[in-house]
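Asker: My questions concern the predicted model and sequence given below.
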Amino acid sequence: MEAPFSIDEQQFHRIKTILARLRIECAARVVFLVDRDGQPIAFQGDIGDMDTTSFSSLAAGNVAATSSMAKLIGEDVFPAVVHEGERESIFISVIGRSLLVVVFDERSTLGLVKLRTKKASREVAALLDEMTETSANRKHGENSFLAEITDEDIDSLFS
Amino acid sequence: MTFINYASREINCKIVYYGPGLCGKTTNLQYIYDSTAPQAKGKLISLATETDRTLFFDFMPLELGTVRGFKTRFHLYTVPGQVYYDASRKLILKGVDGVVFVADSQEERMDANVESLYNLEENLQSQGYNLMEIPYVLQLNKRDLPNVVPTEELASELQRKNEPYFEATASQGVGVFDTLKAVAKQVLTELRKA
């Protein structure tokens, strides 16, 4: 089994800071960082009653499908995916194993979102590299709480 | 791949229900959804055709409780069973932590079960996984129907590594949670070794 991908508190706050700044800079409603497997990592902004878990899973499915379409037409990957609605729009930037997802409305423009996301993507990419490294190293360290999980702990989830 | 967030103290795992068309994968998820308390689940998302056949995937997040102070959340997915949706099936297996193979117990679906199981092994391999190593459970579904293959015969035909198997009638909920519990247990046990 692959080593779990993990994020510590400090990394989580750094991600949230980048997302918060990006949200302000491009006047977005909400900004998400999502793992390409569909796991939500962090978000900033006004989610209202949005189901963020489902949203993340669908964003990942969306990018997975368009990436496969890219390969079928001889492209390696579509680095960005855009969905424009009447009021709300979505811009997804693919950053390695993660997706930076910006939800915006008429208070912003696609051009602005693209521009600001490009800069934030570099910061996110660097942090993701760091997280990948610490996840691998943590295997023998902080993740030891996993090793402490007992059969009783697991059984108690189903009682 | 399991995702652990130390800031929000959450463990997230991905389980995929696999099997031939109309074997009851979506019915498993629907039953879990209907029988779970609202605070423990998210929405059940179905990307389906107009005739309710799964087109891309069904998805529901399920929170099982707390282990060592960490919330455990399982993301349950189904794949489309029909043969020609193979590209979608491959995508959904990305990052999988555990698999449930839902077999259709009816005699006339035996070939479809075998073909789908072979397809699972192949698609897991293409994503860098090995069925022999991944947490895996076999469910023998539709046991309420009259023309079913005897349990032992079906299990011996479909078992790949002495994995646990469960008789089920997913439409009535029989065996649904036993199956989920078995695969979730295997996933958490594997995580312990990680």
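Answerer: Structure received. Keep in mind that what you see is a predicted model, and the values were worked out from it rather than measured. Numbering: from 1, shown residues only, chains lettered A, B, ... in the order given.
Asker: isn't residue A:132 right up against residue A:5?
Answerer: Yes: counting by CB atoms under 8 Å, residue A:132 does reach residue A:5; the two are 7.3 Å apart. From N, CA and C alone the C-beta is placed, and that goes for glycine too.
Asker: So which of these two has more stuff around it?
Answerer: Applying other CB atoms under 10 Å in any protein chain shown to residue A:132 and residue A:5 shows that residue A:5 carries more neighbours, namely 25 against 15.
Asker: What backbone torsions are found at the more buried one?
Answerer: phi -90, psi 130 (degrees, to the nearest 10).
Asker: List the residues that contact it.
Answerer: A:35, A:131, A:132, A:135, B:1, B:2, B:3, B:4 (CB atoms under 8 Å, 6 or more residues apart in numbering or on different chains).
Asker: could you give the mean pLDDT of the helix or strand harbouring the third one?
Answerer: Going back to what we said before, that points to residue A:132. Assigned by DSSP states H and E, residue A:132 belongs to helix A:110-138. The average pLDDT within helix A:110-138 is 93.
Asker: distance between it and the chain's centre?
Answerer: In terms of CA atoms, centre = their mean, to the nearest Å, the centre of helix A:110-138 is found 9 Å from the chain centre.
Asker: Counting by contacts, list what that helix packs against.
Answerer: Applying 3 or more CB pairs under 8 Å, 6 or more residues apart in numbering or on different chains; DSSP states H and E, one finds that helix A:110-138 contacts strand A:5-7, helix A:9-25, strand A:80-84, strand A:89-95, strand A:98-104.
Asker: what about residue B:115, distance to residue A:4?
Answerer: 33 Å (CB to CB, to the nearest Å).
Asker: With neighbour numbers in mind, choose between the two.
Answerer: Neighbour totals were compared for residue B:115 and residue A:4, and residue A:4 leads with 20 against 12 (other CB under 10 Å).
Asker: Check chain B for its longest strand and report it.
Answerer: Longest strand in chain B, counting residues (DSSP state E): strand B:54-67.
Asker: contacting residues around the following helix or strand past that strand?
Answerer: Using DSSP H and E, the next helix or strand after strand B:54-67 towards the C-terminus is strand B:70-78. Residues outside strand B:70-78 that contact it (CB under 8 Å, 6+ apart) are A:38-39, A:53, A:57, A:145, A:157, B:4, B:8-18, B:25-26, B:28-29, B:32, B:54, B:57-66, B:92, B:180, B:184, B:187-188.
Asker: Nearest to chain A within chain B, name that residue for me.
Answerer: Using CB to the nearest CB, the single residue of chain B nearest to chain A is residue B:95, 2.8 Å away.
Asker: neighbours around that residue, how many?
Answerer: For residue B:95, using other CB under 10 Å, the count is 24.
Asker: Now it. Nearest residue, chain neighbours left out?
Answerer: Distances taken as CB to CB, 6 or more residues apart in numbering or on different chains place residue A:37 nearest to residue B:95, at 2.8 Å, with adjacent residues excluded.
Asker: list the buried ones in stretch B:67-84?
Answerer: B:67, B:70, B:72-82 (16 or more other CB atoms under 10 Å in any protein chain shown).
Asker: got these as JSON lines, with pLDDT columns?
Answerer: Formatted as JSON lines, these follow (pLDDT from 0 to 100):
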{"residue": "B:67", "pLDDT": "91"}
{"residue": "B:70", "pLDDT": "93"}
{"residue": "B:72", "pLDDT": "95"}
{"residue": "B:73", "pLDDT": "94"}
{"residue": "B:74", "pLDDT": "96"}
{"residue": "B:75", "pLDDT": "96"}
{"residue": "B:76", "pLDDT": "97"}
{"residue": "B:77", "pLDDT": "97"}
{"residue": "B:78", "pLDDT": "97"}
{"residue": "B:79", "pLDDT": "96"}
{"residue": "B:80", "pLDDT": "94"}
{"residue": "B:81", "pLDDT": "91"}
{"residue": "B:82", "pLDDT": "89"}
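Asker: Which one of those residues is nearest to residue A:11?
Answerer: residue B:70 (16.7 Å; CB to CB).
Asker: Going by residue numbers, what spans are strands in chain B?
Answerer: Using DSSP E, strands in chain B cover B:3-5, B:10-18, B:45-48, B:54-67, B:70-78, B:98-104, B:136-141, B:165-167.
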